[in-house]
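**Student:** only geometry, no sequence info:
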């Protein structure tokens, strides 16, 4: 790895750490308002959705119709099972099986 790349990664890590630490240190003794707590509870789900949906629907920035149905089958199976059971490992395993099953049916 080049030195410039390593320095950029270290710089980004330092900036991320400093900005998070600043808020943690300054706000550690102050409780968050109830509205902020309710809002923050939804942030992880929103981020995961924003990361997962494009991967399920798009390939190279365009809709990928041949692989759309198997991906949706796997994604929906994973989502439903994770929501119902709370066990992410089992949900992902079943989602992979649903994807493979749908892919096998279509080919």
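**Tutor:** Yep, that arrived. From a predicted model like this one, the values you see are computed outputs, not experimental measurements.
**Student:** need the next SSE after the longest helix along the chain, C-terminal direction.
**Tutor:** Criterion DSSP state H: the longest helix present in the chain is helix 3-27. Proceeding N to C from helix 3-27, the next assigned helix or strand is helix 34-41, under DSSP states H and E.
**Student:** got the contact list for that next one?
**Tutor:** residue 32 (C-beta atoms under 8 Å, 6 or more residues apart in numbering). All C-beta spots, glycine's among them, are computed from the backbone N, C-alpha and C.
**Student:** Could I get the buried residue list for stretch 72-89?
**Tutor:** 73-75, 77-78, 81-82 (16 or more other C-beta atoms under 10 Å).
**Student:** give me the element the spatially most central residue of the chain is part of.
**Tutor:** Against the mean C-alpha coordinate of the chain, by C-alpha atoms, centre = their mean, the closest residue is residue 48 at 2.6 Å. Assigned by DSSP H and E, residue 48 falls within helix 43-57.
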